[in-house]
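S.K.: Just to be clear, the model below is a prediction. Sequence and coordinates:
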Protein chains: 2
Amino acid sequence: MTGWVAIAGLGPGNEALVTPEVTAALDQATDIIGYIPYVARVAERPGLNLHPTDNRVELDRALHALQLAAQGAKVVVVSSGDPGVFAMASAVFEALEQHLAFQETEIRVLPGITAMLAAAAAAGAPLGHDFCAINLSDNLKPWELIEHRLRMAARGDFAMAFYNPRSKSRPEGFEKTLKILREECEPERLIIFARAVSTPDQMLNTVVLSEATPEMADMRTVVIVGNASTKRVGRYVYTPRSAS
Amino acid sequence: MTGWVAIAGLGPGNEALVTPEVTAALDQATDIIGYIPYVARVAERPGLNLHPTDNRVELDRALHALQLAAQGAKVVVVSSGDPGVFAMASAVFEALEQHLAFQETEIRVLPGITAMLAAAAAAGAPLGHDFCAINLSDNLKPWELIEHRLRMAARGDFAMAFYNPRSKSRPEGFEKTLKILREECEPERLIIFARAVSTPDQMLNTVVLSEATPEMADMRTVVIVGNASTKRVGRYVYTPRSAS
């Protein structure tokens, strides 16, 4: 039996957003590896070994996947959203680079619906023009780089999607983000707070920048900032396709 | 019968990347509206009206969808990829803004796997850190804005994904893009040309910036430019999760 690793995106939460490609990989798997709440989304069945692990052990988890595959296991590493966007795919390739003994392992990345696209769809079309995706967590990069990227994105008049805007261990980061946005953008700029998108807990809150407060975001929130042309029509928010 | 409009993303081409949510909407539809090759991806069945139209009539198509829904039709507007990323969702909201008589219409956006995420997955994880999506077509925006955004994205050390890099009517745009990248980035910067991703015609070509030529891209190509840390491991390209 030849083992493999598939790094699969489960989408933002709604099972109707899981691609058939991912479902097929889960059906073929012998082992599922991932963060506890994502592994919990995979149905148990005889012959399937579930390996849920806690947060912040991405490299250990990735190495475990490569080791199991080398022993013949068919391993699916599960991420929420898309595995290539602030998720497990990069961690697996980092582990591969550190352990080149596994370089012949078959590794596939199976894309998924990433949170910002589900959030944008729920709100209308706020990412309908050029945009940036920025992870606001400073666990793996210095705050100065986040600030620089926020300013470059704002000066380029990109719409922006923020992942991991705020956590208990980083309560002040999103407050600083709002301050930077207020220096770079007009007060009327639209901001969408999209929480638990596609799940029964989904909440959407669209405000103007001058009214945005840090408490509007938490770790289950994706924040979308429009560009200077983003507007409302009825209950929707969209960014026009054209720009001058 | 109450009509509705769903703007649905068919993903990059492989039917295994179409979400069950989109499949369900297609099964319920009475009318399918979209660009000819996307409508051709929908199976014909009795009671389903197909309305394929040519390129560059997005607003006409959007208004047609709203008109049919007002008459009770269940309309799916099909896009490739994700409808909210350089596709039909913004066009529908633009049409709604111009024709507010339709503002009570139920409009849903159904997300899909957008080309850059499928391309990134096929290559490894080149978008594993902060990134930008830029449409290189100057049909709807001035070239000066594209150039400005390219420079801001490069100076922010974002990875970048380019949609519509090159067409017969705009043969020179991608050449100018490469020139700007060479001014802003080091010659060793990795660039992935991903053509017809997820289809039988898929071709991936990763080169360094100094070796990239305009002919490497066409309208079926998504181009991904790594950030300064993007690297190869084995046959994969990935961007590390951390940055300094």
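M.R.: Great, that's in hand.
S.K.: hang on, residue A:150 in a helix?
M.R.: Yes - according to DSSP: H, G, I helix; E, B strand; the rest coil, residue A:150 belongs to a helix.
S.K.: That one: how many residues sit nearby?
M.R.: 24 (other Cβ atoms under 10 Å in any protein chain shown). Backbone N, C-alpha and C define where each C-beta goes, glycine included.
S.K.: With residue A:194 instead?
M.R.: 28.
S.K.: Just confirm it is within a helix.
M.R.: No - counting by three-state DSSP, residue A:194 is located in no helix; its state is strand.
S.K.: could you say which helix or strand contains the nearest residue to it once chain neighbours are set aside?
M.R.: Closest residue to residue A:194 apart from its sequence neighbours, by Cβ to Cβ, 6 or more residues apart in numbering or on different chains: residue A:119 at 3.5 Å. Secondary structure assignment for residue A:119, by DSSP states H and E: helix A:115-123.
S.K.: continuing past that helix, what's the next helix or strand?
M.R.: strand A:124-125.
S.K.: Would that following strand count as contacting chain B?
M.R.: Yes - if you take Cβ under 8 Å from any Cβ of the partner chain as the test, strand A:124-125 does meet chain B, through A:124-125.
S.K.: what's the offset of the very next helix or strand once past that strand from the middle of its chain?
M.R.: Using DSSP H and E, the helix or strand that follows strand A:124-125 towards the C-terminus is strand A:131-135. Averaging C-alpha positions (Cα atoms, centre = their mean, to the nearest Å) puts strand A:131-135 10 Å from its chain's average.
S.K.: what are the pairing partners of strand A:131-135, and which direction each?
M.R.: strand A:159-163 (parallel), strand B:131-135 (antiparallel) (DSSP bridges).
S.K.: got a markdown table for those strands, with mean pLDDT too?
M.R.: Output for these, formatted as a markdown table (pLDDT from 0 to 100):
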| stretch | mean pLDDT |
| --- | --- |
| strand A:159-163 | 98 |
| strand B:131-135 | 98 |
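S.K.: any idea of the pLDDT on the nearest residue to residue A:208 once chain neighbours are set aside?
M.R.: Closest residue to residue A:208 apart from its sequence neighbours, by Cβ to Cβ, 6+ apart: residue A:188 at 5.1 Å. Note for residue A:188: predicted pLDDT of 98.
S.K.: residues contacting residue A:188?
M.R.: If you count contacts by Cβ atoms under 8 Å, 6 or more residues apart in numbering or on different chains, residue A:188 has them with A:208-210.
S.K.: so which of those residues is the most crowded?
M.R.: Busiest of these [other Cβ under 10 Å] is residue A:209, holding 18 neighbours.
S.K.: per-domain residue ranges of chain A.
M.R.: Using automatic domain parsing, the domain parsing of chain A gives A:4-113, A:116-238.
S.K.: Could you measure from the nearest residue to residue A:105 once chain neighbours are set aside over to chain B?
M.R.: Nearest residue to residue A:105, sequence neighbours excluded (Cβ to Cβ, 6+ apart): residue A:69, at 5.1 Å. Between residue A:69 and chain B the computed distance is 14 Å (Cβ to the nearest Cβ, to the nearest Å).
S.K.: For residue A:69, which three-state class applies?
M.R.: Per three-state DSSP, residue A:69 ends up helix.
S.K.: neighbours around it, how many?
M.R.: By the criterion of other Cβ under 10 Å, residue A:69 has 22 neighbours.
S.K.: Adding distance to residue A:35 and mean neighbour count as columns, could you present the strands paired with strand A:131-135 in a markdown table?
M.R.: Listed next are the strands paired with strand A:131-135 as a markdown table, based on distance: least, Cβ to Cβ, whole Å; neighbours: other Cβ atoms under 10 Å in any protein chain shown:
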| stretch | distance to residue A:35 | mean neighbour count |
| --- | --- | --- |
| strand A:159-163 | 15 | 25 |
| strand B:131-135 | 22 | 26 |
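S.K.: thinking again about what came up before, JSON lines please, covering the contacts of residue A:188 and showing distance to residue B:26 and secondary structure.
M.R.: Formatted as JSON lines, the contacts of residue A:188 follow (distance: Cβ to Cβ, whole Å; DSSP: H, G, I helix; E, B strand; the rest coil):
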{"residue": "A:208", "distance to residue B:26": "37", "secondary structure": "strand"}
{"residue": "A:209", "distance to residue B:26": "38", "secondary structure": "helix"}
{"residue": "A:210", "distance to residue B:26": "42", "secondary structure": "helix"}
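S.K.: from those, which is closest to residue A:91?
M.R.: Among the contacts of residue A:188, residue A:209 lies closest to residue A:91 (Cβ to Cβ), at 33.8 Å.
S.K.: If we ignore the residues flanking it in sequence, what's nearest the closest one?
M.R.: In space, residue A:209 is closest to residue A:189, 4.2 Å off (Cβ to Cβ, 6+ apart).
S.K.: so the one you found touches residue A:208, yeah?
M.R.: Yes - with contact defined as Cβ atoms under 8 Å, residue A:189 and residue A:208 form a contacting pair (6.6 Å).
S.K.: so where do the strands sit in chain A?
M.R.: Assigned by DSSP state E, chain A shows strands spanning A:4-9, A:31-35, A:49-53, A:74-79, A:106-110, A:124-125, A:131-135, A:159-163, A:190-195, A:203-208, A:221-225, A:231-233, A:236-238.
S.K.: Let me know which of those strands is the nearest to residue B:2.
M.R.: strand A:236-238 (18.4 Å).
S.K.: quick one: the closest one to chain centroid distance?
M.R.: Between the centre of strand A:236-238 and the centre of its chain there are 21 Å (Cα atoms, centre = their mean).
S.K.: now for it, which elements pack on it?
M.R.: Judged by 3 or more Cβ pairs under 8 Å, 6 or more residues apart in numbering or on different chains; DSSP states H and E, strand A:236-238 is in contact with strand A:124-125, helix B:88-98.
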